[in-house]
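**Q** Just to be clear, the model below is a prediction. Sequence and coordinates:
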Amino acid sequence: MQARVVHLTTTHARDEVRIFHKECKSVVKVGYDVHLIVADGQGNDEVNGIKRYSVGLTRGRFQRVFIQPWKIYLLARKLRASIYHLHEPELLIIAPILKLMGAHVVYDSHEDVPRAVLGRDWVNPLLKRLLSFSFELFENSIVRRISAIVAATPHIALRFSKINSRTIVINNFPLLSEIYTPLESSKRSAYICYVGGISRIRGLFEMMRTLDLVDTKLVLAGPFEDANTKLAVKKISSWSKVNYMGIVSRNDVYQIMTQACAGLLLFYPEPNHINAQPNKMFEYMSAGIPVIASDFPLWREIIKGVGCGILVDPLNPEAIANAIRRVLENPEEAEEMGQRGRKAVEQIFNWDVESIKLINLYKGLLNSTG
């Protein structure tokens, strides 16, 4: 009989890349009975042998934190899984109950949440540190009692490994199946791109100020953090140099990247950003284009180590503009950067390497009694 694995999420889409295309598809291929519970209001379906269920669309933070976890629990309980794989911190509230049912519970920590809270604009500045501290106490108290922690970065793993010995890093590296043949630099369009969540602390307004300093266009794709940010940026004069594509398909993402001269990754030096490993960094590399990124120590180690991009002060539009000019005016150097990045993804920074860790984790849990 196949061992049953259920992935649970309150906020991610049913076809989210890490959860569905990487983790769920990887384990269903090796014989697990895989189910995914989401909160998108799109009903139930089955794709690639993975059964997907919705507990209804999440509306607002209150419902996400206090209502949806319990609706997800009621459905998860009926599925009677051997392993429950949780993808949001609010789902930790149901982890002890799932554990009492005799199942293994895995917490997939996509980000360092206590540090992320410190960078949230919607949190009252006077309450940020208190909320961060309180949540860390709650998170630690639960994760030390569950079966395993999957950390999306080494930094997150370092924190949890002190609490739960069964902590592993499963990096969010690109799928080898999605690495397309990059265009030669002479065939690329003379634009730069940014693909991903669009927000102030991810450098949106610095991008706009940079566009005033360089003769190029920006192709932008992804969801805005809120309607006010979208409205505000559209009032800036340099918005006329932006081609906003909206939320696009995976295929369109790679079409945008492979035709660009460079990819931007200009996150602010927030506590949760400095030690992050954004998937977009590796996707730019896989597309064979230079990465123009914030000069954080971890990012410097990767980008300088591979030789695949240029590091800048993300708060300095002139520095960003200089990096863009360097790419535009030195196509041969840019081509070499792109080729080195792509080679590094093919050999090191890819999901095939990471999926083996997840499969081995599940095997180890099912062979254990804890």
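**A** Here it is on my side, so go on.
**Q** going forward, measure contacts and count neighbours with C-alpha atoms only.
**A** OK.
**Q** okay, and for the protein, where does confidence drop off?
**A** Scanning the chain for pLDDT under 70 picks out 1, 122, 180, 183-187, 369-370.
**Q** all strands of it, in order?
**A** Counting by DSSP state E, the chain has strands at residues 4-8, 33-38, 45-47, 50-54, 83-86, 104-109, 148-151, 167-169, 191-195, 217-221, 242-244, 262-265, 291-294, 309-312.
**Q** Residue 252: which of those strands is closest?
**A** Proximity to residue 252 (Cα to Cα) singles out strand 217-221 among the strands of the chain, at 9.5 Å.
**Q** Report all helices and strands that the closest one contacts.
**A** If you count contacts as 3 or more Cα pairs under 8 Å, 6 or more residues apart in numbering; DSSP states H and E, strand 217-221 packs onto strand 191-195, strand 242-244.
**Q** These: which one's closest to residue 346?
**A** It's strand 191-195; of the helices and strands packed on strand 217-221, that one is closest to residue 346 (Cα to Cα) at 20.9 Å.
**Q** thinking in terms of the whole chain, how far from its middle is that closest one?
**A** 18 Å (Cα atoms, centre = their mean, to the nearest Å).
**Q** so that strand versus strand 217-221, what angle?
**A** Put simply, strand 191-195 runs at 20 degrees to strand 217-221, going by axes from the mean of the first three to the mean of the last three Cα atoms, to 10 degrees.
**Q** who's in contact with strand 191-195?
**A** By Cα atoms under 8 Å, 6 or more residues apart in numbering, the surrounding residues in contact with strand 191-195 are 216-222, 253, 256-257, 260-265, 280, 324.
**Q** Now for the residue nearest to residue 160 when sequence neighbours are not counted: which residues touch it?
**A** Nearest non-adjacent residue to residue 160, counting by Cα to Cα, 6 or more residues apart in numbering: residue 167, 6.6 Å away. Applying Cα under 8 Å, 6+ apart to residue 167 gives the contacts 148, 149, 150, 151, 157, 160, 161.
**Q** Bridge partners for the first one, pull those for me.
**A** On DSSP bridges, the residues paired with residue 148 through beta bridges are residue 106.
**Q** Can you give me the neighbour number for it?
**A** When neighbours are counted by other Cα atoms under 10 Å, residue 148 registers 24.
**Q** any idea how far it is from residue 10?
**A** 20 Å (Cα to Cα, to the nearest Å).
**Q** hmm, back to that, can you tell me which of the helices and strands packed on strand 217-221 is most buried?
**A** Comparing the helices and strands packed on strand 217-221 by mean neighbour count (mean count of other Cα atoms under 10 Å), strand 191-195 comes out on top with a mean of 24.
**Q** Relative to that one, what are the paired strands and their orientations?
**A** Here, using DSSP bridges, strand 191-195 pairs with strand 217-221 (parallel), strand 262-265 (parallel).
**Q** And the last one, how far out from the chain middle?
**A** If I follow you right, that is strand 262-265. Put simply, strand 262-265 sits 16 Å off its chain's centre (Cα atoms, centre = their mean).
**Q** now what about it, what contacts it?
**A** Outside of strand 262-265, the residues within contact range by Cα under 8 Å, 6+ apart are 191-194, 202-203, 257, 280-281, 284, 289-294, 324, 327.
**Q** if we can go back for a sec, just curious, which of the contacts of residue 167 is nearest to residue 210?
**A** Nearest to residue 210 among the contacts of residue 167 is residue 151, at 34.3 Å by Cα to Cα.
**Q** List the residues that contact that closest one.
**A** In this structure, residue 151 makes contact with 108, 109, 110, 157, 167, 168, 169, 170, 171, judged by Cα under 8 Å, 6+ apart.
**Q** at 7 Å what do you get?
**A** Going by Cα atoms under 7 Å, 6 or more residues apart in numbering, residue 151 touches 108, 109, 110, 157, 168, 169, 170.
**Q** what pairs with the residue nearest to residue 160 across the strands?
**A** With DSSP bridges as the criterion, residue 167 is bridged to residue 149.
**Q** Please tell me how far it sits from residue 115.
**A** As defined by Cα to Cα, residue 167 lies at a distance of 19 Å from residue 115.
**Q** Equivalent analysis for residue 3, please.
**A** Distance, residue 3 to residue 115, using Cα to Cα: 35 Å.
**Q** Just want to know which of these two has more residues nearby.
**A** residue 115 (18 against 14).
**Q** who touches stretch 317-337?
**A** Identification of contacts with stretch 317-337 by Cα under 7 Å, 6+ apart yields 185, 206, 209-210, 213-214, 289-290, 292, 307-310, 312-313.
**Q** do the same with stretch 239-246
**A** For stretch 239-246, contacts defined as Cα under 7 Å, 6+ apart pick out 208, 217, 218, 219, 220, 221, 222, 223, 233.
**Q** please redo it, this time with the cut-off set to 6 Å
**A** For stretch 239-246, contacts defined as Cα atoms under 6 Å, 6 or more residues apart in numbering pick out 217, 218, 219, 220, 221, 222.
**Q** between those residues, which has the most around it?
**A** Counting by other Cα under 10 Å, top hit in the contacts of stretch 239-246: residue 218 with 24 neighbours.
**Q** Run through the bridge partners of it.
**A** Beta bridges link residue 218 to residue 192, residue 242, judged by DSSP bridges.
**Q** Contact partners for it?
**A** Residues in contact with residue 218 (Cα under 6 Å, 6+ apart) are 191, 192, 193, 242.
**Q** ok, now residue 22?
**A** By Cα under 6 Å, 6+ apart, residue 22 has no neighbours at all.
**Q** any idea how far it lies from residue 112?
**A** For residue 22, the distance to residue 112 (Cα to Cα) stands at 21 Å.
**Q** what does residue 341 give?
**A** Here the criterion is Cα to Cα. By it, residue 341 lies 26 Å from residue 112.
**Q** ok, those two, which is more surrounded?
**A** residue 341 (29 against 21).
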